[in-house]
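A.B. asks: Mind looking at a prediction? Sequence and model below.
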Protein chains: 2
Amino acid sequence: MMKDNRLLFDKYKSKIFSADKAAKLIRNGDVVGVSGFTKAGDSKAVLPAFAERAGEENLQITLITGASLGYNTDGALATNHALAKRMPFQADSTLRKEINAGNILYIDQHLSETAEQLHNGDLPKINIAIVEAIGVTEEGYLIPTTSVGNSATFLAMADRIIIEINEAVPLEFNGVHDIKLQKKSPNREILEVTSCETRVGDTYIKLDPNKVEAIVYTNKPDAPARIADPDKKTISIAKHLMQFFEKEVEEGKLTKSLLPLQAGIGKIANAVLAGFLNSPFEDLKMYSEVLQDSTFQLIDAGKMNFASASSITVSEECYANFIKNFKNYKDKIVLRPQNISNSAEVIRRLGIIAINTAIEFDIYGNVNSTHLTGTRMMNGIGGSGDFARNAHLSIFVCPSISKEGRISHVVPMVSHTDHTEHDVDILVTDQGLADLRNLAPRERAQKIIDNCVHPAYKEQMQSYFDRAKLKQGHTPHILQEAFSWHTSLDEEGTMQLQ
Amino acid sequence: MMKDNRLLFDKYKSKIFSADKAAKLIRNGDVVGVSGFTKAGDSKAVLPAFAERAGEENLQITLITGASLGYNTDGALATNHALAKRMPFQADSTLRKEINAGNILYIDQHLSETAEQLHNGDLPKINIAIVEAIGVTEEGYLIPTTSVGNSATFLAMADRIIIEINEAVPLEFNGVHDIKLQKKSPNREILEVTSCETRVGDTYIKLDPNKVEAIVYTNKPDAPARIADPDKKTISIAKHLMQFFEKEVEEGKLTKSLLPLQAGIGKIANAVLAGFLNSPFEDLKMYSEVLQDSTFQLIDAGKMNFASASSITVSEECYANFIKNFKNYKDKIVLRPQNISNSAEVIRRLGIIAINTAIEFDIYGNVNSTHLTGTRMMNGIGGSGDFARNAHLSIFVCPSISKEGRISHVVPMVSHTDHTEHDVDILVTDQGLADLRNLAPRERAQKIIDNCVHPAYKEQMQSYFDRAKLKQGHTPHILQEAFSWHTSLDEEGTMQLQ
Ligand SMILES: CC(C)(COP(=O)(O)OP(=O)(O)OC[C@H]1O[C@@H](n2cnc3c(N)ncnc32)[C@H](O)[C@@H]1OP(=O)(O)O)[C@@H](O)C(=O)NCCC(=O)NCCS
Ligand SMILES: CC(C)(COP(=O)(O)OP(=O)(O)OC[C@H]1O[C@@H](n2cnc3c(N)ncnc32)[C@H](O)[C@@H]1OP(=O)(O)O)[C@@H](O)C(=O)NCCC(=O)NCCS
């Protein structure tokens, strides 16, 4: 029987609960650590059941995950006022609305840091963990599904544990993971990942079986990623980027296999990564956070040899192919805890090329990844800071304009700073690429205006910069005007100044 | 003879030049890598001689150092228009003026990153290196003086080398340094520093003797640090900080020896560190960038066991005592290259407590370390970002007000962001301490207003925050007003709004 295959630890058998019954184990006020990273490997039964119960019984929890959850679980929790606090990342439109209304307290963290802060005691103790598994080993240990995220930390720190065994994820997945927990300071050890392929831990997550209070069976695949086919803008961004890499190879700074790639979440980054399909680069590797459709396209095309990440988030079609041909992929991927996939130590050691999407950037190279017009949270910083800070090359991409030109993604001053000028090497829009290395602020500004700003905004930007330069300063700005484009968007519906 | 003691490599003997003659080896347009880190171990003869020559002959160079230089070398270079470009840090009032006038292009970098960027080929090739030494080994290798900085990288990458042997630094200094160079990506290795004391390299810097074109003798101590005695404000900041650490120890989050300390440059950080003298903490260690007077006071008081850094920058009095009693200190200190003292990998592994000084911070926890009213460069980010990002606890301190209350160092929105809310745990002013861990933006704002803002600015700040909250947003702001305090300071001479 299928169930026996997946539950090899007999003591758990008396604990097989329905989702509703397991959801009752969550208490009002609990700090709940739940698996799930960019829709992959999240709780698909217990947390949704809790969302419903919380609405009826007026319960609230602090919810900590790996990253964003799938389906509308975050939305249902938000609608039912079930969340007092939420961290470290989300990407749900309903939850976003509640956060921006000030109804839910959201803590936006570097994805590498949540586990650190939990271990350091900087965040409240985890009361209960809910983690999706493909199955349980003979020792009662947990084999994760399509993401690892913070699950190992949650399981180590929680008082009580609920395991969701998801029969929709094939058992063959066993072996894909590489799990290791750090010791606490001052006894932390070297993280011995010296290549994308290096394995340093176990394929399962150890846990104390006495903490396990419920086993819940589910049979539901991850919510699929919405991907967008490359369009004019993303094709153009990818083209500029490929030309840049070719130049770096010509100059002997990189080889044809470049250096391990990281690509951020979202439609743009996925489309840009697909640009490598028709490039002269080969033997590529990935050391990233999420494996998206483009990763598997590159593996299929023989362009990419190996990919390390914390989760797999792909479209329905890509997932079907992935499962069907799993044997082709199994020795080419590894899934790690997010404090290892995003570790500063490993990212700098491996010399990652990091490609992330910006909401906006400014003429001095500061990047906003999170806030619309400085106040409204979009998703969160995610792993973009983990990678941008420590990468060999830190690249941010975005369209030059959107919303029929009403928004310019290049602005005089970013309305919120997630990545400072110190952490950004290359900026790319559909208009072109600005290589900021070895440039002082005034040089950067002119290069960004020349190469990245959309023609519709060029004059307006040049005027700002020229007038700012008339004042003193290493980084010329006119503080009275620095946000005038943003306030114009809020008030007039466009960044085009009258 | 003294000289023979210091120059054990015979081939160099024919190359003993005067400073003026050596300065002629620097060519117009050269990229020059020079030793020196926060005044310590800088070129005291050749670079000043070049500054003079450059004024007469209209020469310009790109100058890369470890960090700031001593005496008025940077000032003389600036006055004589000798600098086309300067990186990665400076703290000279004349140079600052020229940078802010737009006459000198300054690149402000994380101090850990310059060496990385040089090795990656992201910065121009070093043509000539000038490095201060206490002497030269039998192999022609260089033994540094009071700082290591980027010297090992400069010597490895330069085409031509000038060595300044400084007889004012005792030969006993030999053995204090620990030098190792990284390989290039993708062959970088694990940095095996697992405690403040761990040594991973040599006590000298290897170099190719064929590159050495001149040896210059000098006999001049480092420019002394200007230190300020603790005053009411810094005593108050230190008191709040000590109380916080005591609470952390009580709660079992830290032990009485805390975790390795880093303290930023400047008068405030030095005074705050002195607060440990009368604290219950013991067996302290330091893993920092600069050792200041307070470090040696703590060692003398038996409070501190060991200190690792990249330089020693102390007052005249402290230096005299240090030299006189050097045998007491020799096994308690180590000086490393700045990409190791400031390495992300090591900082996170050791679990550093980082204490840096802010120019200003805002109600959401963003920190400005570099720019006065958003435009004028003060010094640079230095190592503050290297430490703040990866520290176990990231602390920023500053006075609540200064200039008779005309400046509030807590503002609605920082006018320049060096450290984002994601990287800041604790903020302290003379008014009190705000522990931001586990707080969402709106919670942080109220805590900072309550604990850190000076009474003279409290009402004004509360009014801003309350009115901002009436608008939508995860991080409430009124963009039209966010910089009104700064523009008021520029226009009316005070941040007190009328
Ligand atoms: C930046 C980010 C939101 C882009 O995501 P994406 O899927 O590529 O882009 P989208 O087209 O969905 O853009 C998001 C929306 O915000 C809007 N938007 C973007 N910039 C805006 C701006 N400056 N002002 C107002 N709205 C803006 C877009 O128009 C779009 O709106 P729509 O949904 O109504 O069309 C996403 O990459 C992100 O959240 N990044 C931060 C985290 C991160 O970088 N992680 C990387 C490591 S995993
Ligand atoms: C922030 C920093 C400038 C403070 O230095 P300090 O010696 O402790 O403080 P100072 O009293 O010299 O303050 C600097 C000056 O700037 C002025 N100043 C500070 N904040 C200001 C503000 N918000 N607006 C205008 N002027 C301001 C001060 O009033 C003071 O002026 P003065 O020289 O005319 O008295 C210094 O720590 C620094 O450069 N930090 C960045 C680099 C770093 O953190 N390195 C740490 C790792 S090494």
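C.D. replies: Thanks, I have it. Ligands and ions are numbered 1, 2, ... in the order given.
A.B. asks: Scan chain A for its longest helix.
C.D. replies: For chain A, the longest helix by residue count, based on DSSP state H, is helix A:232-250.
A.B. asks: Leaving out sequence neighbours, find the closest residue to residue A:270.
C.D. replies: Once flanking residues are discounted, residue A:270 sits nearest to residue A:292: 4.6 Å by C-beta to C-beta, 6 or more residues apart in numbering or on different chains. Placement of C-beta: from N, CA and C, glycine included.
A.B. asks: how about the nearest residue to residue A:415, chain neighbours excluded?
C.D. replies: Of all residues not flanking residue A:415 in the chain, residue A:374 sits nearest, at 3.1 Å (C-beta to C-beta, 6+ apart).
A.B. asks: hang on, the one you found in a strand?
C.D. replies: No: counting by DSSP: H, G, I helix; E, B strand; the rest coil, residue A:374 is located in no strand; its state is coil.
A.B. asks: Pull the number of nearby residues for it.
C.D. replies: A count of nearby residues for residue A:374, using other C-beta atoms under 10 Å in any protein chain shown, gives 24.
A.B. asks: So it versus ligand 2, what's the distance?
C.D. replies: Residue A:374 sits 20 Å away from ligand 2, taking C-beta to the nearest ligand atom, to the nearest Å as the criterion.
A.B. asks: how close does residue A:321 get to residue A:172?
C.D. replies: Separation of residue A:321 from residue A:172 (C-beta to C-beta, to the nearest Å): 14 Å.
A.B. asks: Between these two, which is the more surrounded one?
C.D. replies: residue A:321 (18 against 12).
A.B. asks: for residue A:226, what are its contacts?
C.D. replies: The neighbours of residue A:226, taking C-beta atoms under 8 Å, 6 or more residues apart in numbering or on different chains as the test, are A:267, A:315.
A.B. asks: Does it fall in a helix, a strand, or a coil region?
C.D. replies: coil.
A.B. asks: Distance-wise, check the closest residue to ligand 1 within the stretch 101-250 of chain A relative to residue A:418.
C.D. replies: Of all residues in the stretch 101-250 of chain A, residue A:111 sits closest to ligand 1, at 7.0 Å by C-beta to the nearest ligand atom. Distance from residue A:111 to residue A:418, counting by C-beta to C-beta: 13 Å.
A.B. asks: if I read this right, residue A:407 contacts residue A:398, doesn't it?
C.D. replies: No: Residue A:407 lies out of contact with residue A:398 (C-beta atoms under 8 Å); the separation is 10.3 Å.
A.B. asks: Stretch A:422-431 and ligand 1, are they touching?
C.D. replies: No: using C-beta under 6 Å from any ligand atom, stretch A:422-431 never reaches ligand 1; the gap is at least 12.0 Å.
A.B. asks: near chain B, which residues of the stretch 251-400 of chain A?
C.D. replies: Contact residues (C-beta under 8 Å from any C-beta of the partner chain) of the stretch 251-400 of chain A with chain B: A:251-253, A:259-260, A:344-345, A:348-351, A:366, A:371, A:373-377, A:381, A:385, A:389-390, A:392.
A.B. asks: and residue A:251, what is it in contact with?
C.D. replies: Residues in contact with residue A:251 (C-beta under 8 Å, 6+ apart) are residue B:121.
A.B. asks: okay, now residue A:28: neighbour count?
C.D. replies: Here the count is done by other C-beta under 10 Å, and residue A:28 has 12 residues near it.
A.B. asks: now residue A:378
C.D. replies: 17.
A.B. asks: before we move on, what about residue A:79?
C.D. replies: 16.
A.B. asks: With residue A:488 instead?
C.D. replies: For residue A:488, using other C-beta under 10 Å, the count is 16.
A.B. asks: what's the answer for residue A:471, then?
C.D. replies: For residue A:471, the neighbour count with other C-beta under 10 Å is 15.
A.B. asks: I'd say it and residue A:480 touch.
C.D. replies: No: between residue A:471 and residue A:480 there is no contact under C-beta under 8 Å: 10.8 Å.
A.B. asks: List the contacts of the nearest residue to residue A:367 once chain neighbours are set aside.
C.D. replies: Computed as C-beta to C-beta, 6+ apart, the closest residue to residue A:367 that is not its neighbour in sequence is residue A:419, at 4.0 Å. Listed by C-beta under 8 Å, 6+ apart, the contact set of residue A:419 reads A:366-367, A:369, A:384-385, A:388-389, A:394, A:396.
A.B. asks: of all the residues you listed, which comes closest to ligand 2?
C.D. replies: For those, the residue nearest ligand 2 by C-beta to the nearest ligand atom is residue A:389; the value is 16.0 Å.
A.B. asks: Skipping its backbone neighbours, what lies nearest the closest one in space?
C.D. replies: Using C-beta to C-beta, 6+ apart, the nearest residue to residue A:389 is residue A:423, at 5.0 Å.
A.B. asks: so what's residue A:252 closest to, chain neighbours aside?
C.D. replies: residue B:121 (7.9 Å).
A.B. asks: One more: residue A:373?
C.D. replies: In space, residue A:373 is closest to residue A:486, 4.5 Å off (C-beta to C-beta, 6+ apart).
A.B. asks: Going by secondary structure, that neighbour is in what exactly?
C.D. replies: Residue A:486 is located in helix A:484-492, with elements delineated by DSSP states H and E.
A.B. asks: Buried residues in that helix, which are they?
C.D. replies: Under the neighbour-count criterion of 16 or more other C-beta atoms under 10 Å in any protein chain shown, helix A:484-492 has A:484-490 buried.
A.B. asks: can you tell me the distance between the two ends of stretch A:296-312?
C.D. replies: Chord length of stretch A:296-312, first to last residue, is 10 Å (C-alpha to C-alpha, to the nearest Å).
A.B. asks: what is the rounded mean pLDDT of the helix or strand where residue A:319 lies?
C.D. replies: Assigned by DSSP H and E, residue A:319 falls within helix A:316-324. On average, the pLDDT along helix A:316-324 is 94.
A.B. asks: Show residues contacting the helix or strand just after it.
C.D. replies: Next helix or strand after helix A:316-324 toward the C-terminus (DSSP H and E): helix A:326-329. Helix A:326-329 is contacted from outside by A:170, A:172-173, A:296, A:299, A:322, using C-beta under 8 Å, 6+ apart.
A.B. asks: Which of these sits closest to residue A:161?
C.D. replies: Nearest to residue A:161 among the contacts of helix A:326-329 is residue A:173, at 20.2 Å by C-beta to C-beta.
A.B. asks: Just give me the neighbour total for residue A:246.
C.D. replies: Neighbour count of residue A:246, defined by other C-beta under 10 Å: 15.
A.B. asks: my read: it touches residue A:280, true?
C.D. replies: Yes: the pair residue A:246 / residue A:280 is scored as a contact, 6.7 Å apart, by C-beta under 8 Å.
A.B. asks: quick one, phi/psi of the residue most central in space within chain A?
C.D. replies: Centroid check for chain A by C-alpha atoms, centre = their mean gives residue A:382 as the closest residue, at 4.6 Å. Residue A:382 adopts backbone torsions of phi 60, psi -140, taken as degrees, to the nearest 10.
A.B. asks: pretty sure it contacts residue A:67?
C.D. replies: Yes: if you go by C-beta under 8 Å, residue A:382 and residue A:67 touch, sitting 6.5 Å apart.
A.B. asks: Give the residues shared as contacts by these two.
C.D. replies: A:89, A:111.
A.B. asks: And for the one helix or strand residue A:153 maps to, what's in contact with it?
C.D. replies: Here residue A:153, judged by DSSP H and E, is contained in helix A:151-157. With contacts defined as C-beta under 8 Å, 6+ apart, helix A:151-157 is touched by A:33-35, A:41, A:64, A:66, A:114-115, A:118-119, A:125-126, A:129, A:131, A:142, A:144, A:161, A:179-181, A:205-207, A:337, A:339.
A.B. asks: show me where pLDDT drops low in the stretch 151-300 of chain A?
C.D. replies: Within the stretch 151-300 of chain A, no stretch has pLDDT under 70.
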